[in-house]
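3D, please:
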Amino acid sequence: MADPFATGLGTLFAGPRAVAAVYVSADGTTRPISVIPRLRMETDGTVRPRPVSNGKTFDIQARDVEEPIVGDTLIVGDDVYVLALPPEGDSHGLSWICDVPLLDHDVLVQVSGSTKDRYGDARPGFTDAGTFSAARIDLVGAETDDVGADQLVAWQTVRFFFPWSPAIAALTPRDRLIDDGQQFDVRAIAELGKRAAIEVTAQARVD
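So this is what the prediction gives:
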């Protein structure tokens with residue numbers, strides 16, 4: 001006997017609410033799937049805020065994607081999203097709820113090195129490595145450091161999610177990022193999946 005939950009879900013994903021998408025796994029495998037955009041709802045019917053304000057929430061069938069992995073990407077129309085947060089499985093194990101931020105930030109990457117002054121002498125500095133699309137999640141709150149002389153420095157911490165590229169993979173904590181006019185010092189770099197995406201934690205000084 002067919003599982004009525006699976007049958008109903010299959011009908012839903014074949015219906016008018018579903019949209020075509022391409023799922024790109026961390027190993028580079030691509031597959032066409034159907035996804036359903038959704039509002040996150042609480043049990044009392046109120047809309048639940050998304051974990052990321054610049055993204056969307058999609059339902060994905062487990063038969064299409066057995067286990068979504070952080071670092072996978074989802075292409076819906078002209079928009080590219082990165083799976084930056086662990087997905088939630090439903091109680092029947094038939095679908096996944098995925099919150100995905102949009103790659104809507106153009107981030108300038110600057111790598112540390114030496115530059116020449118007007119006299120031709122080498123000086124420590126930064127060189128532009130290019131501009132790259134990324135998703136950005138601002139972490140709640142600010143950190144402060146005591147730098148002495150009764151001075152406190154506040155830091156804004158964010159996480160950027162980039163599709164994998166050699167330039168992003170080569171970042172180090174000596175480098176920096178420029179986004180929306182802010183300068184961020186790179187603090188940590190983590191590869192997600194096998195050359196799928198890269199998470200960069202960075203901080204900007206808040207004066």
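
output the below-cut-off pLDDT ranges for the chain.
1-2, 4-5, 39-54, 117, 140-151 (pLDDT under 70).

quick one: the strands in it?
Using DSSP state E, the strands of the chain run over 19-24, 30-37, 55-61, 73-76, 79-82, 88-89, 95-101, 105-116, 122-148, 151-163, 176-179, 182-192, 197-206.

could I get those in CSV, plus columns for distance to G10 and mean neighbour count?
C-beta here means a position set from N, CA and C on the backbone, and glycine is covered the same way. What follows is those, written out as CSV (distance: least, C-beta to C-beta, whole Å; neighbours: other C-beta atoms under 10 Å):
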stretch, distance to G10, mean neighbour count
strand 19-24, 16, 17
strand 30-37, 10, 16
strand 55-61, 8, 21
strand 73-76, 20, 20
strand 79-82, 24, 21
strand 88-89, 17, 14
strand 95-101, 10, 23
strand 105-116, 36, 16
strand 122-148, 31, 13
strand 151-163, 31, 18
strand 176-179, 42, 20
strand 182-192, 30, 16
strand 197-206, 30, 20
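
out of these, which is closest to T7?
strand 55-61 (12.3 Å; C-beta to C-beta).

distance to A6 added to the strands of the chain, as JSON lines?
Compiled in JSON lines, the strands of the chain are given as follows (distance: least, C-beta to C-beta, whole Å):
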{"stretch": "strand 19-24", "distance to A6": "19"}
{"stretch": "strand 30-37", "distance to A6": "15"}
{"stretch": "strand 55-61", "distance to A6": "9"}
{"stretch": "strand 73-76", "distance to A6": "22"}
{"stretch": "strand 79-82", "distance to A6": "26"}
{"stretch": "strand 88-89", "distance to A6": "14"}
{"stretch": "strand 95-101", "distance to A6": "10"}
{"stretch": "strand 105-116", "distance to A6": "38"}
{"stretch": "strand 122-148", "distance to A6": "32"}
{"stretch": "strand 151-163", "distance to A6": "32"}
{"stretch": "strand 176-179", "distance to A6": "43"}
{"stretch": "strand 182-192", "distance to A6": "30"}
{"stretch": "strand 197-206", "distance to A6": "31"}
